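Chemist: Structure for this input, please:
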Amino acid sequence: MQDVGGGPGGGPAGGRQRKDNVTHWVTSGVRADGIAGTGFWVLGASTMKKLLKIFAVLLVLGVLAVVVAGFFLGPIVKKAVNTVGPKITGTRVELESAKISPLSGGGTLAGLFVGNPQGWTGDKAFYLGEVRASVQPASLISDCVMVNEVFIDGPEFVYERRLLGGSNIDALIKQIETNTGGGTRQPTTEGESGEPMKFAVKSFRLQNAKVSLMGAGQTITVPLPPLTITDLGVAQGGITADQVATAVLKQVLAQIGVVAADVLVKSGGAFLEGGGKGAEGAKDAAKGAFNKLLGK
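Modeler: Numbering: from 1, shown residues only. Here you go, the predicted model:
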C-alpha cells in the first residue's frame, strides 16, 4: 500500500490519494471516511482489467448463445415439420433443412416434400423449394407466436386424375380432414406450459406456382394464380399449428382443383372418365365441391 501526499493524522487531505491494487480513494476534503469533503472510491487498474475481461467473456458467450440457438432452432423446426406433417396429411412429409435467426425473427425452409396418398402413380403431391418467413422475435416467448409473413415462391404441385374419377388432391384433402377432425382436433404440439402452442399469421403469399395435371396418359403443366391469405388466426388470438397448416393447405389445394376443372373444360373433358361427363357440369361440380370444402 502506498500513501501519496500527506496531511495531519495520515488521512487523505489536500488531494492526498491512498491507493492499492483494489481501490483508490480520491478526495478534496479533510476526512478519509467521506463524511466531509467530496471523497469517493474508484476501481484500481488491476481490478478494472479483471472486470473488463469477465464482461468480454460474457459478451462473447452471449453472442455464441444466439448463434448456437440459431443452429439448434433449425433442426427443431425441421423435426417438428417432419413429425407433425405426416400426422396432418397422412402421407410422407420431409423437410430438407431450416434456418432460423433468433435476432431478426426470419427463417427459411428448404426442400419441403409432401407425398401422394397411397395408390397413386406419382410419389409427389407437391414440393416447395423455398419458404421464407418472418416472426416477431419477442412473441417467441409469448402465448402466441406472431408471424409477420410467410412467402412461398415457385412451388410445384401435381394433380393426378384417375379414369374412374377422383384425384390425388381429393384424396389428400379427405385425409387432412380425417386426421384433423375438420380443424378441431386437439394438437400434439405443446408449449412449455403444456398448453397447445398458438400462431397468428398476418400474411401468407404464394406466387409463381405451377401445377402438372396428369390424366388419360398425358400431362399438362399450367400456372396457378397468386394466392394471398391475411390475418390467419389473428382475431382468435392465435390458432394451433395443425389449424394453420390445414387452413393453408385447403386454400391451396382448392385452388388447384378449380384450375384443374378449368383445364378439363378447355380440353373438352379429355381428363374425365371416358369423357362421359359434360365439361360444364364437371366444372360446376368441381367448383361446388371445393367451395363446400371452404365453407362458402
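Chemist: Point out where the stretch 1-150 of the chain drops to low pLDDT.
Modeler: Counting by pLDDT under 70, the stretch 1-150 of the chain has low-confidence residues at 1-73.
Chemist: Where do the strands of it begin and end?
Modeler: 2-4, 17-19, 23-26, 40-43, 93-100, 106-115, 124-135, 144-153 (DSSP state E, counting those that start in this stretch).
Chemist: got the contact list for Ile229?
Modeler: Shown in contact with Ile229 (CB atoms under 8 Å, 6 or more residues apart in numbering): Val201, Ser203, Phe204, Ala247, Val248, Gln251. C-beta: built from backbone N, CA, C; applies to glycine.
Chemist: helix or strand for it, which one?
Modeler: Assigned by DSSP states H and E, Ile229 belongs to strand 227-232.
Chemist: buried stuff in that strand?
Modeler: Leu227, Ile229, Leu232 (16 or more other CB atoms under 10 Å).
Chemist: Need these in a markdown table (columns: pLDDT and distance to Ile88).
Modeler: Shown next, in a markdown table, are these (pLDDT from 0 to 100; distance: CB to CB, whole Å):
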| residue | pLDDT | distance to Ile88 |
| --- | --- | --- |
| Leu227 | 91 | 19 |
| Ile229 | 92 | 17 |
| Leu232 | 90 | 16 |
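Chemist: Excluding sequence neighbours, find me the nearest residue to Leu95.
Modeler: Val81 (4.3 Å; CB to CB, 6 or more residues apart in numbering).
Chemist: I'd like to know how far that neighbour sits from Ala171.
Modeler: 21 Å (CB to CB, to the nearest Å).
Chemist: and stretch 132-144, which residues are buried?
Modeler: Buried residues in stretch 132-144 (16+ other CB under 10 Å): Arg132, Ala133, Ser134, Val135, Ser139, Cys144.
Chemist: Who are the contact partners of the last one?
Modeler: Under the criterion of CB under 8 Å, 6+ apart, the contact partners of Cys144 comprise Lys198, Phe199, Ala200, Gly237, Gly238.
Chemist: Verify the stated contact: Glu96 with Ala110.
Modeler: Yes - judged on CB atoms under 8 Å, Glu96 makes contact with Ala110 at a distance of 5.3 Å.
Chemist: between these two, who's got more neighbours?
Modeler: Higher neighbour count among Glu96 and Ala110: Ala110, with 15 against 12, using other CB atoms under 10 Å.
Chemist: And the helices in the chain?
Modeler: 45-89, 168-180, 241-266, 279-293 (DSSP state H).
Chemist: per the record, what domains does this structure have?
Modeler: Domain segmentation of the chain under automatic domain parsing yields 2-43, 53-293.
Chemist: ok, now how distant is Asn148 from Met197?
Modeler: Distance from Asn148 to Met197, by CB to CB: 17 Å.
Chemist: what's the answer for Phe126, then?
Modeler: Counting by CB to CB - Phe126 and Met197 are separated by 25 Å.
Chemist: swap in Ile173?
Modeler: For Ile173, the distance to Met197 - CB to CB - is 25 Å.
Chemist: out of the two, which sits in the busier spot?
Modeler: Ile173 (23 against 17).
Chemist: Leu249 versus the more buried one, what's the distance?
Modeler: From Ile173 to Leu249 the distance is 8 Å (CB to CB).
Chemist: And for Gly107?
Modeler: 20 Å.
Chemist: What of Lys210?
Modeler: Applying CB to CB to Lys210 and Leu249 gives a distance of 17 Å.
Chemist: out of these two, which sits in the busier spot?
Modeler: Remark: of Lys210 and Leu249, Leu249 carries more neighbours, 19 against 13, as counted by other CB under 10 Å.
Chemist: which residue sits closest to that one, ignoring its sequence neighbours?
Modeler: Using CB to CB, 6+ apart, the closest residue to Leu249 is Ile176 (6.0 Å).
Chemist: Going through the contacts of Cys144, which ones are buried?
Modeler: Lys198, Phe199, Ala200, Gly238.
Chemist: can you tell me which residues contact the second one?
Modeler: Looking back up the chat, that one is Phe199. Contacts of Phe199 (CB under 8 Å, 6+ apart): Cys144, Val145, Met146, Val147, Gly233, Gly238, Ile239, Thr240, Ala241, Val244.
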